[in-house]
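S.K.: pasted the sequence and its predicted model underneath.
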Amino acid sequence: MARKPKTADKEPATGMWRGVADHPLRHQLVGEVHARPFLGIETPRRIVHYAFLTGEKQAAEDRKRIIELCRGRGLDEPRHAKFLTLDLGKVRLRWEQHTEFTTYTLDTGVNARAPFKRTDFVDVLPGADLTAPGPLIAASQVALVAAGDGDTLIERLFDPTSLCVITVDHEAARVASDFKAGPDGMTRILIEDRGLGPQRAGVLVQRLIELETYRVLALLALPEAQKLQPLMRRVESDLADIMARMREAGGFDSNRQLLDRITTLAADLEAQAAATSHRFGASRAYGDIVDQRIQAIGEAPVSSHRSWASFLRRRMGPALQTCRSVEARLNDLSIRLARAANLLRTRVDIELEQQNRGLLESMNRRAKMQLRLQHTVEGLSVAAVSYYVVGLIGYLVAGVSVAGVTVPVGLVEALSVPVVVLGVWWVVRRVRRTYANRSG
């Protein structure tokens, strides 16, 4: 790997400004367009490419292994870079980390008679601990051969039923592949160099490798779409049944049961949508990259052979359309379930409000009855208390008569009745007003 020259590009671009500090990401963003440069390739060469699905932990462990490989050979370490090229004599290793996958690309010599053969890292990079960072998702070999060697190799190496042959760069190269895995499990791509030159050959090889990798990644969503279809059919059937029952349903309990069913369906569907939304979004992005790479290659069809664009779009188109259809259907079902749930919830709320209104009216009637009963009880209590108070007055007057003072007890009791009744009534009323003010 070529060491970075010492330049002054890390100095702040202050110019005429004072106190200017670089944004922490400025140099990273400026250098992003140079992160994965095209490398020149001499003819004849063989390029072996592997793509592994890697999570965050797997990517970190893989980076450690690459750092150890660089240390063992006295090369710069990729502390933060996601791209690395190691020149190891006859072999050049290109390592890249992407969002969800990591790629290893080996640039080795080629035998014109047998341009494709099985390659092990142990043979090419002895002593390197290059354990696979994750499950292998794409593997391909690209053979770059001299002009005149293509016809025989194409007839001998590829399946004519799926063979695609094109010319690129104004017939500076002819490219052939049948997009099938060979005996070693790798897809084979043959490039016949008719005047490309190292730089254009490097550009072409990288674009073909990326096209092969991204076409496989774009189809990762297809199994997810196929697994979702039975669930969506069940949800659609249950939703239709719920809507039919909702037209006939009446009463709070039946509507609440329907709401519980539709809430369960919505939860199941949303869980699946959350689990697959990333995969469907990535599939769209990868499909767009495949289209971009096909356009960038600038292919020209060869008579009696299919072009790459027509073959890939015809074979990938239905699968990608299935993924898009399932995603749209999933979103549509989610919206329909939400509408149905809102409608049912509204009906339940209305019925609940009606029940609450009836309950409040019943409580009001009971309160009025209690008030009337309270008034009756208050009247009786006034009479009872007045009776006892008049009786006490009679006892008091009788005691005075025993002391020698003659007082007519009956007359005094009779005269005290109005006064006692009014006094007790006033006290009861005062107490009731005091409690009413405190409670208010």
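M.R.: Cool, got the structure. Keep in mind it's a predicted model, so treat the numbers as computed, not measured. Numbering: from 1, shown residues only.
S.K.: figure out how far stretch 62-73 is from the centre of its chain.
M.R.: Distance, stretch centre to chain centre, for stretch 62-73: 34 Å (Cα atoms, centre = their mean, to the nearest Å).
S.K.: ok, stretch 285-305 next?
M.R.: That offset, for stretch 285-305, works out to 30 Å (Cα atoms, centre = their mean).
S.K.: please spell out which residues along that stretch are buried.
M.R.: Neighbour-count burial for stretch 285-305 flags 286, 287, 289, 290, 291, 293, 294, 297, 299, 302, 305 (criterion: 16 or more other Cβ atoms under 10 Å). For every residue, glycine as well, the C-beta is placed using N, CA and C.
S.K.: wasn't residue 179 part of a strand?
M.R.: No - per DSSP: H, G, I helix; E, B strand; the rest coil, residue 179 lies outside any strand segment and is coil.
S.K.: looking at it now. What's its pLDDT?
M.R.: We have a pLDDT of 90 for residue 179.
S.K.: now swap in residue 35 and tell me
M.R.: 63.
S.K.: name the residues that touch stretch 268-280?
M.R.: Stretch 268-280 is contacted from outside by 220-221, 224-225, 228, 231-232, 235, 323-324, 326-327, 330-331, 333-334, 337, using Cβ atoms under 8 Å, 6 or more residues apart in numbering.
S.K.: quick check: buried residues in it?
M.R.: By neighbour count on 16+ other Cβ under 10 Å, the buried set for stretch 268-280 is 269, 272, 273, 276, 279, 280.
S.K.: just name the closest of those residues to residue 87, please.
M.R.: residue 279 (37.1 Å; Cβ to Cβ).
S.K.: in what helix or strand does that closest one lie?
M.R.: Assessed by DSSP states H and E, residue 279 sits inside helix 252-297.
S.K.: how far out from the middle of the chain is that helix?
M.R.: Its chain's C-alpha centre and that of helix 252-297 lie 9 Å apart, by Cα atoms, centre = their mean.
S.K.: averaged pLDDT, it. What do you get?
M.R.: Helix 252-297 shows a mean pLDDT of 87.
S.K.: the buried residues of stretch 285-305 into JSON lines, with extra columns for distance to residue 173?
M.R.: Converted to JSON lines, the buried residues of stretch 285-305 look like this (distance: Cβ to Cβ, whole Å):
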{"residue": "286", "distance to residue 173": "25"}
{"residue": "287", "distance to residue 173": "25"}
{"residue": "289", "distance to residue 173": "22"}
{"residue": "290", "distance to residue 173": "20"}
{"residue": "291", "distance to residue 173": "21"}
{"residue": "293", "distance to residue 173": "15"}
{"residue": "294", "distance to residue 173": "15"}
{"residue": "297", "distance to residue 173": "10"}
{"residue": "299", "distance to residue 173": "10"}
{"residue": "302", "distance to residue 173": "12"}
{"residue": "305", "distance to residue 173": "15"}
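S.K.: show me which of the contacts of stretch 268-280 are buried.
M.R.: Buried members of the contacts of stretch 268-280, scored by 16+ other Cβ under 10 Å, are 220-221, 224-225, 228, 232, 235, 323-324, 326-327, 330, 333-334, 337.
S.K.: between those residues, which is nearest residue 55?
M.R.: The closest of the buried ones among the contacts of stretch 268-280 to residue 55 turns out to be residue 220 (Cβ to Cβ; 14.3 Å).
S.K.: show me what contacts the closest one?
M.R.: 137, 279, 282, 283.
S.K.: what comes up buried for stretch 239-259?
M.R.: Neighbour counts over stretch 239-259 (16+ other Cβ under 10 Å) mark 239, 242, 246, 249, 254, 255, 256, 258, 259 as buried.
S.K.: same check, this time on stretch 156-168
M.R.: Along stretch 156-168, these residues count as buried under the neighbour rule (16+ other Cβ under 10 Å): 157, 158, 163, 164, 165, 166, 167, 168.
S.K.: please apply the same query to stretch 382-398.
M.R.: Along stretch 382-398, these residues count as buried under the neighbour rule (16+ other Cβ under 10 Å): 382, 385, 386, 389, 390, 393, 397.
S.K.: could you give the mean pLDDT of it?
M.R.: For stretch 382-398, the mean pLDDT works out to 78.
S.K.: what do you get for stretch 102-119?
M.R.: Averaging pLDDT along stretch 102-119 yields 77.
S.K.: for stretch 337-348, same thing?
M.R.: Stretch 337-348 comes out at a mean pLDDT of 82.
S.K.: what residues are up against the residue lying closest to residue 44 once chain neighbours are set aside?
M.R.: Computed as Cβ to Cβ, 6 or more residues apart in numbering, the closest residue to residue 44 that is not its neighbour in sequence is residue 110, at 4.6 Å. By Cβ under 8 Å, 6+ apart, residue 110 lies in contact with 44, 45, 46, 143, 144, 145.
S.K.: tell me how far residue 110 lies from residue 387.
M.R.: Distance of residue 110 to residue 387, given as Cβ to Cβ, to the nearest Å: 125 Å.
S.K.: please apply the same query to residue 206.
M.R.: Separation of residue 206 from residue 387 (Cβ to Cβ): 112 Å.
S.K.: what secondary structure does the residue lying closest to residue 173 once chain neighbours are set aside sit in?
M.R.: Nearest residue to residue 173, sequence neighbours excluded (Cβ to Cβ, 6+ apart): residue 196, at 5.1 Å. Counting by three-state DSSP, the backbone at residue 196 sits in coil.
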